[in-house]
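Asker: mind looking at a prediction? Sequence and model below.
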Amino acid sequence: MNDERLAQARAWMRQDPDHETRDELAAVITRAAGGDEAASADLDDRFHTRLAFGTAGLRGALGAGSNRMNRVLVAQAAAGFAAYLHERARGSTPTVVIGYDGRRNSRVFAADSAELFAGAGLRAILLPRLLPTPVLAFAVRHLGADAGVMVTASHNPPNDNGYKVYLGGPDQGSQIVAPADAEIAAHIQRVADAGDVSALPRSTQYETAGEEVVEAYIAATAAVAPAPAGAADLRWVYTAMHGVGWETVSKVVAAAGYPQPMVVGEQLQPDATFRTVSFPNPEEPGAMDLAFSRARRVQADFILANDPDADRLAVAVPDASAESGWRRLTGNEVGLLLGARAARAAAGTPGASLACSLVSSPGLGAVAAHHGLDFHETLTGFKWISRAPGIVFGFEEALGYLVNPETVRDKDGISAAVAILGLAAEAHERGSSLTGLLAELGDTYGHFASGQVSVRVDDLSVIGRVMLSLRTLPPTQFGGHAIASAEDLLQAGDGQPSGDVLRYRLTDGSRIIVRPSGTEPKLKVYIDAKAESAERAGEIVGELEAAIRSLLDERS
């Protein structure tokens, strides 16, 4: 075993305030020092790098070491972020709000951060209990704070956690973007290089926010779509996916005047083990099976599901052709429903715009054009969508929706749920449904369909090899659908979204986009088609999905 690596691990262990990760690391060190090759490899994986701080903050598996989420790493991040905020404040006292969800160690990481922020001379405000991410994003703007930190890993696997950073002031409570990420990372690195985090100043003189912050969020979110007269007849099912959404959703629904849902009891309360799902993401196969079962029993009109930190929303509708009798709408379908709703309300407003990520449905551009609104296509992530000029609505296909940008500059699965309830109630009053609204969208704006091919890898180098292969040996067609143009967004022009993204436009008007995931070990391919009917658009997507799977098998 490398003596330098052992010394690095021992130094880390000495500063770790968490007995669990300290004991975990001590056992690995003992085995590695005794010549155990598996333990040596484990140690190397824990310390050969650091979890990178980027525009999504930090996110990774819990455990001991610089390449894991733990109290040492969080202390370094909090101290580095505090130094950045002091530098940015130029003499004034920065205010930072801290929130946390129900994952393992979220409360501990949040309390550590509050103590370190207070110890560094910041005004630190800890939210009163575990709450959804949108409440934290709201609180940054509501309290006029300079920054916010949310301890969450959203819909990642159970053993992950993360550290999501927002900036107030001119950034209006949005997630950070470059160059702030690199500047914060540099401050964090200086803290790490300085050594023992146990020497960092701490203080318990931080504030705990009162219930009025949560109540203000509830009032603002209920105002998104107050219930019309016919809402009382709605029958709907809700699941929190073992996350923190239910308490807030229930209060918002009541304040807006909608009937309470029939709930999936097994998934209603926070549970860090996510015991009923293999992966706590409504997009994953099987994740909504309990909700489908509940909806069948109670003959519901529709299902709403939040992800564990309630910043995303899934919607499902009855579908006799599906094995379960239910179908989860795609993020694009929900995005177009909500986008059309926003466009109707904003029509005629100078400078008002709709925005979506470049991998989301081009149908939103058709909606904007129909209503005379501006349209902006951004890089993936709400850090970009939320900054679109004049935005009145934004979405990304990964179940993220921004419906009330004046109060929350991030995706918000609770305000989106209220907006969907409003649409469902209005449709119900005239004898229609969410499914009927989707059909009306096609008749008004054109028939769009979307699909996705997602390849999860154990070795990240596979993704790099596939992207390189597509760049050096570009395809000329996908399953008989000829390519009209190909764009490499690494070579994008000034003012255009730039990133590790390949975009193909086909001669039939379809579009294919290939990019590595920014948060998971996945290569993602997004497919969009427009046709004379919904059925034909769906057929084209199916043909392209099959062709892409075949191509990726060849290239990987």
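Answerer: That came through, no problem.

Asker: which non-adjacent residue is nearest residue 422?
Answerer: residue 225 (3.0 Å; C-beta to C-beta, 6 or more residues apart in numbering). Glycine gets a C-beta too; all of them are placed from N, C-alpha and C.

Asker: sec struct for the one you found, please.
Answerer: Following DSSP: H, G, I helix; E, B strand; the rest coil, residue 225 is assigned to coil.

Asker: in this protein, which helix is the longest?
Answerer: helix 534-555 (DSSP state H).

Asker: just the residues contacting that helix, thanks.
Answerer: Residues outside helix 534-555 that contact it (C-beta atoms under 8 Å, 6 or more residues apart in numbering): 439, 442, 447-451, 453, 455, 465-466, 469-470, 475, 478-481, 508, 510, 512, 523, 525, 527-531.

Asker: one more pass at 7 Å, please.
Answerer: Here helix 534-555 makes contact (C-beta atoms under 7 Å, 6 or more residues apart in numbering) with 442, 447-451, 453, 455, 466, 469-470, 475, 478-479, 481, 508, 510, 512, 525, 527, 529-531.

Asker: same question for stretch 104-124.
Answerer: Under C-beta under 7 Å, 6+ apart, the answer for stretch 104-124 is 62, 71, 74-75, 78-79, 82, 85, 93-96, 98, 100, 126, 130, 149, 151-152, 161, 200-207, 272.

Asker: drop anything exposed from those.
Answerer: In terms of neighbour count (16 or more other C-beta atoms under 10 Å), the buried residues within these are 62, 71, 74-75, 78-79, 82, 85, 94-96, 98, 100, 126, 130, 149, 151-152, 161, 200, 202, 206, 272.

Asker: now the helices for the stretch 101-250 of the chain?
Answerer: In the stretch 101-250 of the chain, the segments counted as helices under DSSP state H, counting those that start in this stretch are 106-119, 133-142, 180-194, 211-222, 246-256.

Asker: residue 35: which of those is closest?
Answerer: Residue 35 sits nearest to helix 180-194 of all those, at 29.3 Å, using C-beta to C-beta.

Asker: buried set for that closest one?
Answerer: Buried residues in helix 180-194 (16+ other C-beta under 10 Å): 180-181, 184-185, 187-188, 191-192.

Asker: what is the nearest of those to residue 47?
Answerer: For the buried residues of helix 180-194, the nearest to residue 47 is residue 192 (12.0 Å; C-beta to C-beta).

Asker: so who does that closest one touch?
Answerer: Residue 192 makes contact with residue 76, according to C-beta under 7 Å, 6+ apart.

Asker: quick one, grab the pLDDT at it.
Answerer: Residue 192 carries a pLDDT value of 95.

Asker: so, low pLDDT: which residues of the stretch 51-200 of the chain?
Answerer: The stretch 51-200 of the chain contains no residues with pLDDT under 70.

Asker: where exactly do the strands run in it?
Answerer: Secondary structure of the stretch 51-200 of the chain, counting by DSSP state E, counting those that start in this stretch: strands at 58-61, 95-100, 123-126, 147-151, 160-167, 174-175.

Asker: roughly how far does residue 75 sit from residue 57?
Answerer: 15 Å (C-beta to C-beta, to the nearest Å).

Asker: er, residue 43 actually
Answerer: 26 Å.

Asker: thinking again about what came up before, deepest-packed of the helices of the stretch 101-250 of the chain, please.
Answerer: The highest mean neighbour count among these, using mean count of other C-beta atoms under 10 Å, belongs to helix 133-142: a mean of 28.

Asker: check which helices and strands it is in contact with.
Answerer: strand 95-100, strand 147-151, helix 211-222 (3 or more C-beta pairs under 7 Å, 6 or more residues apart in numbering; DSSP states H and E).

Asker: quick one: closest of those to residue 493.
Answerer: strand 147-151 (32.9 Å).

Asker: who's in contact with the closest one?
Answerer: By C-beta under 7 Å, 6+ apart, strand 147-151 touches 85, 94, 96-101, 106, 109-110, 113, 133, 136-137, 139-140, 161, 163-168, 173.

Asker: how about the strands in the stretch 451-556 of the chain?
Answerer: 477-478, 481-488, 502-506, 511-516, 522-531.

Asker: I'd say residue 279 and residue 287 touch.
Answerer: Yes. Counting by C-beta atoms under 7 Å, residue 279 does reach residue 287; the two are 6.5 Å apart.

Asker: which one of these two is surrounded by more residues?
Answerer: Remark: of residue 279 and residue 287, residue 287 carries more neighbours, 24 against 15, as counted by other C-beta atoms under 10 Å.

Asker: include distance to residue 435, mean pLDDT and mean neighbour count when you put the strands of the stretch 451-556 of the chain into CSV, please.
Answerer: CSV is the format used below for the strands of the stretch 451-556 of the chain (distance: least, C-beta to C-beta, whole Å; pLDDT from 0 to 100; neighbours: other C-beta atoms under 10 Å):
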stretch, distance to residue 435, mean pLDDT, mean neighbour count
strand 477-478, 30, 92, 17
strand 481-488, 29, 93, 14
strand 502-506, 29, 94, 19
strand 511-516, 25, 94, 21
strand 522-531, 19, 93, 22
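
Asker: now the ones you listed as JSON lines including distance to residue 338?
Answerer: As requested, the strands of the stretch 451-556 of the chain are arranged in JSON lines below (distance: least, C-beta to C-beta, whole Å):
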{"stretch": "strand 477-478", "distance to residue 338": "30"}
{"stretch": "strand 481-488", "distance to residue 338": "28"}
{"stretch": "strand 502-506", "distance to residue 338": "24"}
{"stretch": "strand 511-516", "distance to residue 338": "21"}
{"stretch": "strand 522-531", "distance to residue 338": "18"}
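
Asker: so which of those strands is nearest residue 212?
Answerer: So among these, strand 522-531 is nearest, using C-beta to C-beta, at 40.7 Å.

Asker: which secondary structure elements does that closest one contact?
Answerer: Packing contacts for strand 522-531, counted by 3+ C-beta pairs under 7 Å, 6+ apart, involve strand 447-456, strand 511-516, helix 534-555.

Asker: please name the nearest non-neighbouring residue to residue 488.
Answerer: Nearest residue to residue 488, sequence neighbours excluded (C-beta to C-beta, 6+ apart): residue 502, at 5.9 Å.

Asker: got the contact list for that neighbour?
Answerer: If a contact means C-beta under 7 Å, 6+ apart, then residue 502 has 470, 488, 514 as its contacts.

Asker: may I see the buried residues of the helix or strand residue 13 falls within?
Answerer: Assessed by DSSP states H and E, residue 13 sits inside helix 3-15. Buried residues in helix 3-15, counted by 16+ other C-beta under 10 Å: 5-6, 8-9, 12-13, 15.

Asker: quick one: low-confidence parts of the stretch 351-500 of the chain?
Answerer: 495, 497.

Asker: wait, doesn't residue 60 sit right on residue 52?
Answerer: No. Counting by C-beta under 7 Å, residue 60 stays clear of residue 52, with 9.2 Å between them.

Asker: more neighbours, these two?
Answerer: Between residue 60 and residue 52, counting by other C-beta under 10 Å, residue 60 is the more crowded of the two (21 against 13).

Asker: how much space separates the more buried one from residue 527?
Answerer: Distance of residue 60 to residue 527, given as C-beta to C-beta: 30 Å.

Asker: again with residue 207
Answerer: Distance, residue 207 to residue 527, by C-beta to C-beta: 49 Å.

Asker: redo the helices and strands packed on helix 133-142 as a markdown table? Include distance to residue 365.
Answerer: Formatted as a markdown table, the helices and strands packed on helix 133-142 follow (distance: least, C-beta to C-beta, whole Å):
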| stretch | distance to residue 365 |
| --- | --- |
| strand 95-100 | 34 |
| strand 147-151 | 31 |
| helix 211-222 | 28 |
